[in-house]
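Asks: Curious how this folds, go ahead:
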Amino acid sequence: MLTGGNCYLGISTSEDSDIYIEGKKAGTTNDEFIAFKRMKAGSYTVEALTKYKKGTATIGLKDRDVKRIKIKMESMNSGIRALSDIGEYKITVCDKTYDCPAFINALPSGKHTMKVTYKDVEYEKDIELLPGTELDYDLTKEELEIQQQTSLITEDDIEALLEEKLIDE
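Replies: The predicted model follows:
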């Protein structure tokens, strides 16, 4: 499909990506670049894809063309369905605070720290938002109790427990 011509196409991306041309995987960038030699003349849709980002460009090649394109990578969106069995609370993610229960959409995919605030209890959770998906987060009484117990243990308590364990051994 793509080979057998006399055109050259260089593709650069802002991070190493899988490259798809006309919907078929054509290769993977190395140091954010990949070259395709002997392509046929024509118009092509090129997509760069990582776990959390994608970018698309359309390029036209004429006989004996030599072209380079830079594909701008953009985060693919995800969402959080913030539910609750016990009442209203707040979530802070990506530097923005939301009143919950709520559906929070248009969040960038990737790994994030989510801060949960319910009355006088505040804690953080590491989350991973996968592209095109929704993370269900349900604030329950059981989770609050666990978080309250872990927040009652101070660093001094941990040090004392570690010292005690070392003495016992």
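Asks: which SS state does residue 147 fall under?
Replies: State at residue 147, reduced to three classes by DSSP: H, G, I helix; E, B strand; the rest coil: helix.
Asks: Which residue, other than its chain neighbours, is closest to the residue sitting nearest the centre point of the chain?
Replies: The structure's the chain has its C-alpha centroid closest to residue 110; by Cα atoms, centre = their mean the separation is 1.9 Å. Nearest residue to residue 110, sequence neighbours excluded (Cβ to Cβ, 6 or more residues apart in numbering): residue 52, at 4.6 Å. For glycine as for every other residue, the C-beta is placed from the backbone atoms N, C-alpha and C.
Asks: Please apply the same query to residue 147.
Replies: residue 123 (4.6 Å).
Asks: Near the one you found, how many other residues are there?
Replies: Counted with other Cβ atoms under 10 Å, the neighbours of residue 123 add up to 16.
Asks: contacting residues around it?
Replies: 115, 116, 147, 150, 151 (Cβ atoms under 8 Å, 6 or more residues apart in numbering).
Asks: neighbour-wise, which of those leads?
Replies: residue 116 (21 neighbours).
Asks: Now do the helices in the protein.
Replies: Residue ranges of the helices in the chain, as given by DSSP state H, are 141-152, 155-168.
Asks: By mean pLDDT, show me the worst of those helices.
Replies: Lowest mean pLDDT within the helices of the chain: helix 155-168, a mean of 61.
Asks: Go through the strand ranked longest in the chain and flag the buried ones.
Replies: Ranked by residue count, the top strand of the chain under DSSP state E comes out as strand 3-13. Using 16 or more other Cβ atoms under 10 Å as the test for burial, strand 3-13 gives 5, 7, 8, 9, 11, 12, 13.
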